[in-house]
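Visitor: sequence first, predicted coordinates after that:
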Amino acid sequence: MFWFDKQNPNVEFCDIRTVPKEIVGIGKNAREFEVSPDTIADFTALPFDDESFWHIVFDPPHIIHGGDNSWIIKKYGRLKKDWQSVIRAGFDECWRVLKPNGTLIFKWNETDITVTQIIKCIGHEPIYGHKSGKLSKTHWLAFVKV
């Protein structure tokens with residue numbers, strides 16, 4: 001959702017789903033989006049060789065609660081109750097396909113789960129991070145594979 005050029009040939013966009021372009025909501029609250037990945041894949045089992053990428057942005061679902069038809073769930077997906085094992089497996093998989101000295105940017109929103117819980121779960125410390133958004137709940141965490 002954050003890429004400026006969604007057609008950039010240097011970007012491999014992966015998602016487990018496709019969502020045709022749709023408008024959710026009405027009036028000034030209407031939002032249009034679509035999910036059209038280059039590769040359909042589960043982030044816990046990526047179809048790439050070890051050490052394939054210099055740079056990865058890991059933006060997993062961050063919400064546990066929410067209705068099936070809510071805009072936020074349709075746009076970002078939902079974590080299962082065993083979110084710790086899913087997030088850890090996803091981070092490990094991103095780490096596997098990241099080249100040595102490559103960077104991994106982990107985007108996380110603290111709607112349901114804090115960044116402190118995430119860092120404990122993945123077992124790696126970021127080298128830096130930044131909070132963003134109106135309520136500063138979205139965190140961008142940078143990791144380097146040494």
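Guide: Looks like it came in fine.
Visitor: so which residues of this structure form strands?
Guide: Along the chain, the stretches classed as strands by DSSP state E are 14-15, 19-24, 31-35, 39-40, 53-58, 98-109, 128-132, 138-144.
Visitor: so which elements touch the second one?
Guide: If contacts are counted by 3 or more Cβ pairs under 8 Å, 6 or more residues apart in numbering; DSSP states H and E, strand 19-24 sits against strand 31-35, helix 71-76. Where you see a C-beta, it was placed from the backbone N, CA and C, and this is true even at glycine.
Visitor: winner for burial among the ones you listed?
Guide: Comparing those by mean neighbour count (mean count of other Cβ atoms under 10 Å), helix 71-76 comes out on top with a mean of 17.
Visitor: what mean pLDDT does that one get?
Guide: Average pLDDT, helix 71-76: 81.
Visitor: ditto for stretch 30-39
Guide: Summarised as a single mean, pLDDT over stretch 30-39 is 87.
Visitor: hmm, who's touching that stretch?
Guide: Under the contact criterion Cβ atoms under 8 Å, 6 or more residues apart in numbering, stretch 30-39 has outside partners 1, 6, 11-15, 17-25, 47, 71, 74-75.
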